[in-house]
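Undergrad: below are the sequence and a predicted model; questions follow.
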Amino acid sequence: MERINSKHNQQIKQLKKLATPKGRKQQQRYLLESWHLVQEALASLPAAEIEMIYATDDQDLEHGSELTGWPVTLISDAVAQELGETTTPQGIFLVCKLQAPAVEPNYHGAWLLLDQVQDPGNIGTMVRTADAAGFAGVVFGNGTASPYNGKVLRAMQGSQFHLQVVEADLKVVLDWFHTKQRPVYGTELNPAAVNYREVHPQSDFALIMGNEGNGMDSSLLQQTTKNLYIPIKGHAESLNVAIAAAVIMFRIKAD
């Protein structure tokens with residue numbers, strides 16, 4: 001089993017570059033951190049997408065039996081500290097190949113569409129909620145933080161392996177839904193918007209959630225079947241986008 005003790009090792013330098021969009025694009029791979037995400041990936045991804053596991057001695061001692069048959073490189077605590085994006089890295093990482101985009105994406109079922117959503121915590125909460133609500137997938141639209149960003153990966157907590165995650169232009173996605181005569185729901189409080197409770201639960205639709213500060217892109221609002229709002233009964237000005245998404249998803253997704 002190979003071992004790397006120096007954070008100046010060339011492999012480690014290349015792995016560090018995966019923290020950037022440019023590095024991920026050039027190398028066509030990304031880095032997962034923490035045992036939970038590694039475990040989820042090993043259980044969910046095709047073996048061909050798994051490149052290498054990097055683990056400290058402590059992690060190998062604790063999880064070695066579960067890593068049998070997978071490629072493992074041991075690393076020192078100093079290397080783990082260098083690779084980790086958290087304050088106290090657990091000491092286990094997984095390098096995965098980036099998935100090639102589908103030639104003809106299949107948007108059957110319920111889909112959550114993210115329009116310029118930036119906060120990793122909000123994205124993670126919405127992806128996990130979509131997973132819990134039984135959605136088929138989530139589309140990361142233009143201007144939305146990358147699903148391969150380290151903070152986003154950790155925030156999704158493995159739910160990205162339980163449903164489809166796609167990066168796409170939302171206008172193209174909306175064209176697909178309209179061609180198939182499936183409803184697309186936007187989210188905005190305006191005179192034409194309807195109370196989300198008026199939408200009957202269904203199985204095939206798209207729900208768009210917009211940017212934390214600016215809401216949905218105005219051009220997308222013109223392409224929706226209906227725009228929904230959540231009535232505010234108290235004195236709060238608005239709901240957090242992830243909370244609003246959770247309320248609507250569980251309401252309009254049929255069991």
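TA: Received, thanks.

Undergrad: how far does stretch 167-177 sit from the chain's center?
TA: 17 Å (Cα atoms, centre = their mean, to the nearest Å).

Undergrad: next: stretch 172-183.
TA: The answer for stretch 172-183 is 22 Å, by Cα atoms, centre = their mean.

Undergrad: average pLDDT for it?
TA: In this model, stretch 172-183 carries a mean pLDDT of 94.

Undergrad: pull the residues that contact it.
TA: Stretch 172-183 is contacted from outside by 105, 107, 111, 113, 139, 141, 184, 202, 204-206, 220, 223-226, using Cβ atoms under 8 Å, 6 or more residues apart in numbering. In short, each C-beta sits where N, CA and C put it, glycine included.

Undergrad: in the worst-scoring helix or strand of the chain on mean pLDDT, what's buried?
TA: Using mean pLDDT, DSSP states H and E, helix 218-221 stands out as the lowest-scoring helix or strand of the chain, at a mean of 90. Of all the residues in helix 218-221, those buried under the rule 16 or more other Cβ atoms under 10 Å are 220, 221.

Undergrad: out of the contacts of stretch 172-183, which is most surrounded?
TA: Counting neighbours by other Cβ atoms under 10 Å, residue 113 leads the contacts of stretch 172-183 with 28 neighbours.

Undergrad: for it, pull up the helix or strand it's in.
TA: Residue 113 is part of strand 110-114, with elements assigned from DSSP states H and E.

Undergrad: what packs against that strand?
TA: Contact partners of strand 110-114 among helices and strands, from 3 or more Cβ pairs under 8 Å, 6 or more residues apart in numbering; DSSP states H and E: helix 120-133, strand 137-140, helix 170-179, strand 205-209, helix 241-252.

Undergrad: 7 Å - rerun?
TA: On a contact count with 3 or more Cβ pairs under 7 Å, 6 or more residues apart in numbering; DSSP states H and E, strand 110-114 meets helix 120-133, strand 137-140, strand 205-209.

Undergrad: list the strands paired with the shortest one, with their directions.
TA: So the one you mean is strand 137-140. Strands adjacent to strand 137-140 in the sheet, as given by DSSP bridges, are strand 110-114 (parallel), strand 164-167 (parallel).

Undergrad: export the ones you listed to CSV and tack on distance to residue 90 and mean pLDDT?
TA: As requested, the strands paired with strand 137-140 are exported to CSV (distance: least, Cβ to Cβ, whole Å; pLDDT from 0 to 100):
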stretch, distance to residue 90, mean pLDDT
strand 110-114, 28, 98
strand 164-167, 23, 94
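
Undergrad: out of those, deepest packed?
TA: Burial of the strands paired with strand 137-140 is given as mean neighbour count (mean count of other Cβ atoms under 10 Å); strand 110-114 ranks first at a mean of 26.

Undergrad: what's in contact with the strand holding residue 113?
TA: Contact with strand 110-114 is made by 123, 126, 130, 135-141, 144, 170, 173, 203-209, 245, 249, 253, as judged by Cβ atoms under 7 Å, 6 or more residues apart in numbering.

Undergrad: just the buried subset of the residues you listed, please.
TA: Here, 16+ other Cβ under 10 Å leaves 123, 126, 130, 135-141, 144, 170, 173, 204-209, 245, 249, 253 buried among the contacts of strand 110-114.

Undergrad: can you report phi and psi for the residue positioned nearest the centre of the chain?
TA: Nearest residue to the geometric centre of the chain (Cα atoms, centre = their mean): residue 147, 4.4 Å. With angles defined as degrees, to the nearest 10, residue 147 sits at phi -70, psi -10.

Undergrad: what residues does it make contact with?
TA: 140, 160, 165, 167.

Undergrad: now the angle between helix 120-133 and the strand holding residue 113, please.
TA: For strand 110-114 against helix 120-133, the angle by axes from the mean of the first three to the mean of the last three Cα atoms, to 10 degrees is 170 degrees.
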